[in-house]
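[1] have a look at this fold, sequence not included:
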């Protein structure tokens, strides 16, 4: 890191050997703090870190993420505006990841999957946002203290609730800066990737009714609409010949577009990306609907 003044707080479940930590600066033995927390959720761990942090800016990062050297330098520059409460940047799939991890990253960054939110996975234009994931999120410490930390009832989703409180309750800004870049190791296709998608979709569907300010958006509903059309239209087309041709045409166009958007510079992952996009749509669509009809998430019970 090319930043002059920072500390690192690591929050593992259990204490591990100091030999696993490589001291970046021998002049400051207090640079790295290791605080075992037991098996807590990411939001709960971060709340612990907030109490031990001395800096004015809290830079949250996941354990499967690593930053570029000027990450802090680029991100912190945005805080010169006093109305900026938080800054996020893209989480890009690293080139050293395995093929199925690369395929997962290409699925996430596809416009057919992430739509207007693809800038979260590849650098896009600088902009103000209302919702951003905490795998690459910097927040003023005074803001976190004012809000009482994360809403730890939710995971995932604790970052969505935080961003909602920042933008709606405190009327502050969240800036997306493509220069504040980190690399994010992906969960490989297919099962680990789809489990993550299901969890995201379940919480987003639940949030669509509970926190519509950030989650009641047509882009989040599209996979469910697609799933209902594929399932319901398939049944109806068996009994209504007039619908059958339209249904088959739609399926053909959908598969063709998916194939086109699966093409990339890595020929070995074209088929996995193609199948990954299809399965991600169905997986998200099903669990988003489940989230809408869920009365309470298990962490709220």
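    Right, received. Where do you want to start? It should be emphasised that the depicted structure is a prediction, and the values quoted were computed from it without experimental measurement. Numbering: from 1, shown residues only.

[2] and stretch 55-68, what's buried?
    Judged by neighbour count (16 or more other C-beta atoms under 10 Å), stretch 55-68 contains these buried residues: 57-61, 65, 67-68. Every residue, glycine included, has its C-beta placed from N, CA and C.

[3] one more: stretch 137-146?
    Buried-residue list, stretch 137-146, by 16+ other C-beta under 10 Å: 137-140, 143-144.

[4] and stretch 230-239, by the same measure?
    Neighbour count says stretch 230-239 has 230, 233, 237 buried, by 16+ other C-beta under 10 Å.

[5] can you pull the phi/psi pair for residue 182?
    phi -130, psi 160 (degrees, to the nearest 10).

[6] if we can go back for a sec, nearest to residue 15, of the buried residues of stretch 137-146?
    residue 144 (25.5 Å; C-beta to C-beta).

[7] work out for me the element that closest one sits within.
    helix 141-147 (DSSP states H and E).

[8] again with residue 225
    With DSSP H and E as the test, residue 225 turns up in helix 218-239.

[9] any low-confidence regions in the stretch 1-150 of the chain?
    In the predicted model of the stretch 1-150 of the chain, residues 17-30 satisfy pLDDT under 70.

[10] which residue ranges of it form strands?
    8-10, 32-34, 57-61, 65-67, 84-88, 91-92, 127-129, 136-140 (DSSP state E, counting those that start in this stretch).

[11] I'd like the ones you listed as CSV, with distance to residue 179 appended.
    Shown next, in CSV, are the strands of the stretch 1-150 of the chain (distance: least, C-beta to C-beta, whole Å):
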stretch, distance to residue 179
strand 8-10, 21
strand 32-34, 25
strand 57-61, 14
strand 65-67, 11
strand 84-88, 10
strand 91-92, 12
strand 127-129, 13
strand 136-140, 12
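
[12] picking that back up, for the helix holding residue 144, packing partners?
    helix 42-52, strand 57-61 (3 or more C-beta pairs under 8 Å, 6 or more residues apart in numbering; DSSP states H and E).

[13] may I see those arranged in JSON lines, with distance to residue 97 as well?
    Converted to JSON lines, the helices and strands packed on helix 141-147 look like this (distance: least, C-beta to C-beta, whole Å):
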{"stretch": "helix 42-52", "distance to residue 97": "21"}
{"stretch": "strand 57-61", "distance to residue 97": "17"}
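
[14] which of the ones you listed sits closest to residue 266?
    Per C-beta to C-beta, nearest to residue 266 of the helices and strands packed on helix 141-147: strand 57-61, 26.6 Å.

[15] and the angle from that closest one to helix 42-52?
    150 degrees (axes from the mean of the first three to the mean of the last three C-alpha atoms, to 10 degrees).

[16] contacts for strand 57-61, please.
    Strand 57-61 is contacted from outside by 6, 46, 49-50, 67, 71-72, 75-76, 79, 134-141, 144, 182, using C-beta atoms under 8 Å, 6 or more residues apart in numbering.

[17] stretch 153-165 now?
    41-43, 86, 129-134, 137, 139, 147, 150-152, 174, 199-200, 203-204, 206-207, 211, 213-215, 297, 299-300.

[18] just to revisit the earlier point, run the chain-centre distance for the helix holding residue 144.
    22 Å (C-alpha atoms, centre = their mean, to the nearest Å).

[19] cool, stretch 254-272 as well?
    For stretch 254-272 - counting by C-alpha atoms, centre = their mean - the centre lies 23 Å from the chain centre.

[20] so residue 214 sits in a helix?
    Yes - secondary structure of residue 214 (DSSP: H, G, I helix; E, B strand; the rest coil): part of a helix.

[21] how about JSON lines for the buried residues of stretch 137-146, with distance to residue 115 added?
    JSON lines is the format used below for the buried residues of stretch 137-146 (distance: C-beta to C-beta, whole Å):
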{"residue": "137", "distance to residue 115": "21"}
{"residue": "138", "distance to residue 115": "25"}
{"residue": "139", "distance to residue 115": "26"}
{"residue": "140", "distance to residue 115": "30"}
{"residue": "143", "distance to residue 115": "29"}
{"residue": "144", "distance to residue 115": "30"}
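
[22] and which of the residues you listed is nearest residue 111?
    residue 137 (23.1 Å).

[23] right, and that closest one touches residue 90 too?
    No - Residue 137 is beyond contact range of residue 90, at 11.9 Å (criterion: C-beta atoms under 8 Å).

[24] how about the helices in the stretch 201-301 of the chain?
    Applying DSSP state H, counting those that start in this stretch to the stretch 201-301 of the chain gives helices spanning 212-215, 218-239, 241-262, 270-292.
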